[in-house]
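Below is the sequence, then the predicted model.
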2 protein chains.
Amino acid sequence: MSSIKDVARTVGVSTATVSRALRGLPRVSESTRDRVLRAAADLDYVASPSAAGLAGGRTRAVGVVVPFVSRWFFASVVQGAEAPLREAGYDLLLYNLGGDMESRDRVFASHLLRRRVDAVLVLSLTPSTSEIAELVKLKRPVALVGATVPGWSSVRIDDVDAACTAMRHLLALGHRRIAHIGGSLEGQLDFAAPRDRLEGYRREMAAARLPVDRRWEIASDFTVQGGVRGMTELLALEPAARPTAVFAASDEMAIGAVAAVRRAGLRVPDDVSVIGIDDHEMAEFFELTTVAQPAREQGRLAAAAVLAAMDSSNRPGGVPATHTVPTTLLVRGTTGPPPCDE
Amino acid sequence: MSSIKDVARTVGVSTATVSRALRGLPRVSESTRDRVLRAAADLDYVASPSAAGLAGGRTRAVGVVVPFVSRWFFASVVQGAEAPLREAGYDLLLYNLGGDMESRDRVFASHLLRRRVDAVLVLSLTPSTSEIAELVKLKRPVALVGATVPGWSSVRIDDVDAACTAMRHLLALGHRRIAHIGGSLEGQLDFAAPRDRLEGYRREMAAARLPVDRRWEIASDFTVQGGVRGMTELLALEPAARPTAVFAASDEMAIGAVAAVRRAGLRVPDDVSVIGIDDHEMAEFFELTTVAQPAREQGRLAAAAVLAAMDSSNRPGGVPATHTVPTTLLVRGTTGPPPCDE
DNA sequence: CTGAAAGCGCTTACAG
DNA sequence: CTGAAAGCGCTTACAG
């Protein structure tokens, strides 16, 4: 495998000049640059990232920390982040937490990221105090998606607002007994979305002066199966307490809720209305009413934020960018007015 | 940030000893190892991957090349591969092709992988001759998922067999006019699955001595929308040519096909039966009959294969491992006998 | 079991 | 615009 020395020798210049020419740095004459480029191509030369990283202090890689790669939203955000990173010449190091806190520790506390990456993207979880400390030690740009930490770039939707939008849609249809299938909050103070979406639910119920039965607040897990279980619980309530509408904190859970309603021999939306959040790739297919959020776009913006920060790292400024991306109510077929006898 | 020298100084040994102790190499006394480990922890020392990579020639990273991260099957394989890699101390570099051939070139031909990774996992695409040449240049273990290249490890299902299983299920139910919604084959000689699944379709139709209408072989794109379009085309055929059953090459397309049938005011499986391949996370929810393949497991096996190859790289042997993982017919609610008047 | 020394292949001031 | 030289922080034979 040819090294920078081979290229330098072939062209008859120093390795310093080869390095500058190849990286597009100024202060290299056009003709020299051309010759270097050609020789590098001829020799099939590729700079060693390890050597470049050691010498230059930059790895040209960005770490992406994600709770579960295989979940649609996270995979979409990763996909959105990947394109701008690749275009800018950065590799993407994927750190999948897979839901277990052990690997979470390993990623943050055991400094898996250290000296490996030039920037970090953290998806959908709010780092703990100690994790923030670890990230600060990195001294690299950090951008969060779906969470906020003062001083860092952040891309997210307004979760409370999105929940309120969903709730107002149900309320406008005339529903009064509305349940919420959300995420579990126990020991999960790290996910902002479930908390905020629950808050939106409560806020709108309160604004409408509607009582909330405790059993209407289901703590689930953002999966289809979790949605099935949540809805099954709700349908088991005595008739007077049974909700006529359900606001699920994600489309996956909403889809599960719809399935549970149908399995119980009831109809959506005639007997029960269901609304989700996301606009999952399958939502349209299900004719699911939902509050859409742009997943890929959020990944793209987060990548752009760290890219910009790395660019301007020499300059004084560098205010962290905070994007709140808009959500859109998509009324499809799973919501309607409550049953007539209500 | 502390370096190996700081640790060496603290303990009063050479950096070579620190290096050995930290990596668990033999020929270090227990007491020395203990002291080194403690000092490293105290100093919050983390070895620089760049320096280690440059000096040792190994990067402790594995590249994973994937057509589309956001598609369920690929995301699941990545997830399956991630765990064993992380446990073995390897980072995962994600290369998402995103369907465009330009970035495909960049990944393979422009040597994005070169000197960056100790091994490569290629998902679901058969590398071209020139891509194989690039991979060979890497001189690193390569494992393929869903494809085969002589001499390399490979993990896959028997696609022809899986298709035959699906077809035999439909044939056993009494269907005679069976259509196939598959992948496009044009300029896509790189994906083996669509070709093999089409072959299974043809083989079983021939074995049953059933004629195949050309219009029954739909070239689609493995998406839900593609399934909708494919089925819509089939339903537009004159009654005598309209299939009573459809074998889709993926669950996503099968799900789309089911949707198209329903939108046309027909019922599944009463009017049209639909079977897919995958057992997508939403398949059970849809009560989709399918031929299940283990996605995570394939990722896990592929990772294990390169891990083993890296372990034994010093030894003589090192026969590439080839796993054909089993598929299972899952009969659910979208298949049944053809309509009575047939 | 341990250390001194070379070297991995680049980039970066510093000169000119 | 270009080069000589130092240095980035490790690992690896080679000795002992």
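That came through, no problem.

Okay, now the unreliable bits of chain A?
Applying pLDDT under 70 to chain A flags residues A:99-102, A:110-112, A:186-189, A:312-319, A:341-342.

Any residues of it in contact with DNA strand C? List them.
Chain A comes close to DNA strand C at residues A:1, A:3-5, A:15-16, A:19-20, A:22-23, A:45-48, A:51-52, A:54-58, as judged by Cβ under 7 Å from any atom of the strand. Using the backbone N, CA and C atoms, a C-beta is placed for each residue, glycine as well.

Mind giving me the ChimeraX command for buried ones among those?
Buried subset of the residues of chain A next to DNA strand C, written as a ChimeraX selection, criterion 16 or more other Cβ atoms under 10 Å in any protein chain shown:
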select /A:3,4,19,20,22,45,46,47,48,51,52,54,58
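
residues in contact with whichever residue of the stretch 101-250 of chain A sits closest to DNA strand D?
At 7.7 Å from DNA strand D, A:R115 is the closest residue in the stretch 101-250 of chain A, using Cβ to the nearest atom of the strand. Neighbouring residues of A:R115 by Cβ atoms under 8 Å, 6 or more residues apart in numbering or on different chains: A:T59, B:M1, B:V46, B:S48, B:P49, B:S50.

now A:A52
Contacts here follow Cβ under 8 Å, 6+ apart; on that basis A:A52 touches A:R58, A:R60, B:S50.

Of those residues, which is the nearest to DNA strand C?
For the contacts of A:A52, the residue nearest DNA strand C by Cβ to the nearest atom of the strand is A:R58; the value is 6.8 Å.

any idea how far the residue nearest to the spatial centre of chain A lies from A:V142?
Centroid-nearest residue in chain A, with Cα atoms, centre = their mean: A:L123, separated by 4.3 Å. According to Cβ to Cβ, to the nearest Å, A:L123 and A:V142 sit 12 Å apart.

Kindly report the same for A:G151.
From A:G151 over to A:V142 the distance is 9 Å, taken as Cβ to Cβ.

next one: A:I181
Here A:I181 is placed at a distance of 32 Å from A:V142 (Cβ to Cβ).

what does A:Y95 give?
Distance, A:Y95 to A:V142, using Cβ to Cβ: 13 Å.

between A:G151 and A:V142, who's got more neighbours?
A:V142 (26 against 11; other Cβ atoms under 10 Å in any protein chain shown).

I'd say that one and A:V122 touch.
Yes - assessed by Cβ atoms under 8 Å, A:V142 is found in contact with A:V122 at 6.7 Å.

anything in contact with each of these two?
Contacts common to A:V142 and A:V122, judged by Cβ under 8 Å, 6+ apart, are A:L135.

contacting residues for A:T327?
Taking Cβ under 8 Å, 6+ apart, we find A:T327 in contact with A:I157, A:D158, A:D161, A:A162, A:T165, A:I277, A:V291, A:A292, A:Q293.

What of A:L234?
Residues near A:L234 by Cβ under 8 Å, 6+ apart: A:A179, A:I181, A:R215, A:W216, A:I218, A:R242, A:P243, A:V246.

beta partners for A:D91?
Counting by DSSP bridges, A:D91 is bridged to A:A61.

tell me the contacts of it?
Residues near A:D91 by Cβ under 8 Å, 6+ apart: A:P49, A:R60, A:A61, A:V62, A:L85, B:L93, B:Y95, B:L112, B:R116.

okay, these in a markdown table with distance to A:D311 and neighbour count next?
Supplementary listing: those in a markdown table, determined by distance: Cβ to Cβ, whole Å; neighbours: other Cβ atoms under 10 Å in any protein chain shown:
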| residue | distance to A:D311 | neighbour count |
| --- | --- | --- |
| A:P49 | 19 | 24 |
| A:R60 | 13 | 18 |
| A:A61 | 16 | 22 |
| A:V62 | 13 | 28 |
| A:L85 | 13 | 26 |
| B:L93 | 22 | 21 |
| B:Y95 | 23 | 27 |
| B:L112 | 21 | 22 |
| B:R116 | 22 | 24 |
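
Which parts of the stretch 1-150 of chain A are strands?
Remark: strands assigned in the stretch 1-150 of chain A by DSSP state E, counting those that start in this stretch are A:61-66, A:91-96, A:119-123, A:142-145.

on that earlier part again, any idea which of the contacts of A:A52 is closest to B:L185?
Taking Cβ to Cβ as the measure, A:R60 is the one of those closest to B:L185, at 37.1 Å.

Kindly report the residues of chain A close to DNA strand D.
A:12-17, A:20, A:26-29, A:31-33, A:51, A:54-55.

so which of those residues are also by chain B?
A:A51, A:L54 (Cβ under 8 Å from any Cβ of the partner chain).

Which residues of the stretch 101-250 of chain A lie near chain B?
Counting by Cβ under 8 Å from any Cβ, the residues of the stretch 101-250 of chain A near chain B are A:S103, A:R106, A:H111, A:L112, A:R114, A:R115, A:R116, A:K137, A:V224, A:V228.

Let's see that with 7 Å instead.
Within the stretch 101-250 of chain A, the positions lying close to chain B (Cβ under 7 Å from any Cβ of the partner chain) are A:S103, A:H111, A:R114, A:R115, A:R116, A:V224.

I'd say A:H280 and A:M253 touch.
No - taking Cβ atoms under 7 Å as the definition, A:H280 is not a contact partner of A:M253, at 10.3 Å.

between the two, which one's more packed in?
Counting neighbours by other Cβ under 10 Å for A:H280 and for A:M253 shows that A:M253 has the greater number, 32 against 24.

give me phi/psi at the more buried one?
phi -70, psi -40 (degrees, to the nearest 10).

can you tell me which residues contact the residue of the stretch 51-200 of chain A found nearest chain B?
Of the residues in the stretch 51-200 of chain A, the one nearest chain B is A:G53, at a distance of 3.4 Å by Cβ to the nearest Cβ. Counting by Cβ atoms under 7 Å, 6 or more residues apart in numbering or on different chains, A:G53 touches A:T59, B:S50.
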